[in-house]
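S.K.: Fold the following for me, if possible:
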Amino acid sequence: MAGPLASRVGKAQAGFTLLELLVVIVIIGLLAAYVGPKYFAQLGRSEQTVARSQIQAFGRALNTYRLDVGAFPSTQEGLTALVERPAGATRWNGPYMERAIPLDPWGNAYHYRAPGANGQDFEILSYGKDGVQGGEGESADIGN
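M.R.: Here you go, the predicted structure:
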């Protein structure tokens, strides 16, 4: 059986058909359509978690600042008072943050107010993904 028929049978089994390749591509596309949205939703939640962690770090640094200086920085002095000595802060023993004040995970500056709303000593806010006060989901405000 070494004739022309044997060589045809060997060639037919040598590769994938176009239909088999299309089926594999469709399966990969369905998996990507299922997994993709779940992955990107998790990414949004992780950015919010990073913002909350940074706000907590600011809070700890602000409490240390208050212990040294005797008061929280004013709204005008802002979070910059944690890395640069404000005018008139004679007992400043900083910097209270290892590096410059970071931006929120979406590249916007944090908003600091002293005193804060609802009787808080201070308030630190990130306006979320859209950078505008208010919002829902990934655009929701995150604060202490």
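
S.K.: Tell me the secondary structure at the most centrally placed residue in the chain.
M.R.: Nearest to the geometric centre of the chain sits Glu47, at 2.2 Å (CA atoms, centre = their mean). What DSSP: H, G, I helix; E, B strand; the rest coil gives for Glu47 is helix.

S.K.: you'd agree it is up against Trp106?
M.R.: Yes. Glu47 lies in contact with Trp106 (CB atoms under 8 Å); the separation is 6.8 Å. For glycine as for every other residue, the C-beta is placed from the backbone atoms N, C-alpha and C.

S.K.: which neighbours do the two share?
M.R.: Lys129 (CB atoms under 8 Å, 6 or more residues apart in numbering).

S.K.: Which strand or helix spans Ser74?
M.R.: For Ser74, there is no host helix or strand (DSSP states H and E).

S.K.: Which secondary structure element of this protein has the lowest mean pLDDT?
M.R.: In the chain, no helix or strand scores lower on mean pLDDT, DSSP states H and E than helix 4-12, which sits at a mean of 54.

S.K.: Okay, strands next: where are they in this protein?
M.R.: Listed in chain order, the strands found in the chain under DSSP state E are 111-113, 123-126, 142-143.

S.K.: one step back: if I pick the residue nearest to the centre of the chain, what's in contact with it?
M.R.: Listed by CB under 8 Å, 6+ apart, the contact set of Glu47 reads 105-106, 129, 138.

S.K.: again, but for Glu77
M.R.: Contacts of Glu77 (CB under 8 Å, 6+ apart): Pro86.

S.K.: and it, how far is that from Arg85?
M.R.: According to CB to CB, to the nearest Å, Glu77 stands 10 Å off from Arg85.

S.K.: didn't Ile124 look like it was pressed against Tyr112?
M.R.: Yes. With contact defined as CB under 8 Å, Ile124 reaches Tyr112; the gap is 5.5 Å.
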